[in-house]
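Asker: What follows is a predicted protein model with its sequence.
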Amino acid sequence: MKEQFYQYIQQLQDTITKGLEDIDGKAIFQEDLWERPEGGGGRTRVIENGAVFEKGGVNISAVHGPLPVAMQKYFNVGDVDFFACGLSLVIHPKSPMVPTVHANWRYFEMYDKEGTVVRSWFGGGQDLTPYYLFDEDATHFHTVCKTACDKHNPAFYPLYKKQCDEYFWNAHRDEARGIGGLFFDRLEATEEMSMQQWYDFVTEVGDSFLEAYAPIVERRMDTPYGDEHRTWQEIRRGRYVEFNLVHDKGTLFGLKTNGRIESILMSLPPHVQWVYDHHPEENSWEEKLLKVLAEPIDWVK
């Protein structure tokens, strides 16, 4: 399974970076190959200062070796070896009218000292973080997510949408990071779902990414905006940074397993503001966003 999934994410990285380059029309992704001393490595691709995308990364990695003690405690396991591979992306557009997007799809194995696989699972998802909320964009993104899920089980979308709303929650701010999407983890083989069936589901979601995001970018990237909109975008980006550094499990895993710091922190936007005790004007477009972030809603039925 690990060879099958690693081949898939290599191809998906090519597809996504090509699709985003076509939209931007100016910048291209720069590739950086790296190795992890304990085992494995990755292929980082970063785009910066484009016509549409201010900063973004679409990264793949495949790492292996002894599971660090800190992660043994996290997973509640003993002295085991591990293999983990995945694709992780974050795209920060220049225009505040275009939402930031995040996605990842990953596969994990644990082995005993004889090399036998003792646990394996898939995880991942995709979620949208707008700065100015357009209802039709939110509905489009969630509709694509639901369509991908429904091909495998109609119960998946409401479950993984709920898990996304719960996971991407800035508890110290008591608000969502964005308007959600899908989040799933520890997808292990059961009587109902084999690992191959989970693979088919996860890759279905991965294949849907450009369909979910690209039309939104193309619809909003030429919308006029002013300095006040840009300021709000940078303030909200601060909340994005806070979530990634305080709560995100992927960031924690990378730091605890001696991951490549440049790739881990690729998710952080280039221009951010923290304004003391900032509140938008009552009944403003900005306040509309905060009301939705305070209580996630259902975008599709």
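Answerer: Perfect, I can see it now. Numbering: from 1, shown residues only.
Asker: and Phe184, what are its phi and psi?
Answerer: Note on Phe184: backbone dihedrals following degrees, to the nearest 10 are phi -140, psi 150.
Asker: in which helix or strand would I find Ser120?
Answerer: Ser120 belongs to strand 117-129 when assigned by DSSP states H and E.
Asker: Let me fix that, I meant to ask about Lys55.
Answerer: Secondary structure assignment for Lys55, by DSSP H and E: strand 53-66.
Asker: one step back: now the strand holding Ser120: buried residues?
Answerer: By neighbour count on 16 or more other C-beta atoms under 10 Å, the buried set for strand 117-129 is Ser120, Trp121, Phe122, Gly123, Gly124, Gly125, Gln126, Asp127, Leu128, Thr129. From N, CA and C alone the C-beta is placed, and that goes for glycine too.
Asker: Now these in a markdown table, please, with extra columns for pLDDT and distance to Val300.
Answerer: Converted to a markdown table, the buried residues of strand 117-129 look like this (pLDDT from 0 to 100; distance: C-beta to C-beta, whole Å):
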| residue | pLDDT | distance to Val300 |
| --- | --- | --- |
| Ser120 | 94 | 32 |
| Trp121 | 95 | 27 |
| Phe122 | 98 | 24 |
| Gly123 | 97 | 23 |
| Gly124 | 96 | 20 |
| Gly125 | 97 | 16 |
| Gln126 | 98 | 15 |
| Asp127 | 98 | 15 |
| Leu128 | 98 | 13 |
| Thr129 | 98 | 18 |
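Asker: quick revisit: I'd like the average pLDDT over the strand holding Lys55.
Answerer: Average pLDDT, strand 53-66: 95.
Asker: Let me know the helix or strand that the nearest residue to Asn153 once chain neighbours are set aside is in.
Answerer: Spatial nearest neighbour of Asn153, chain neighbours left out: Phe201 (7.9 Å); criterion: C-beta to C-beta, 6 or more residues apart in numbering. Phe201 is located in helix 195-207, with elements delineated by DSSP H and E.
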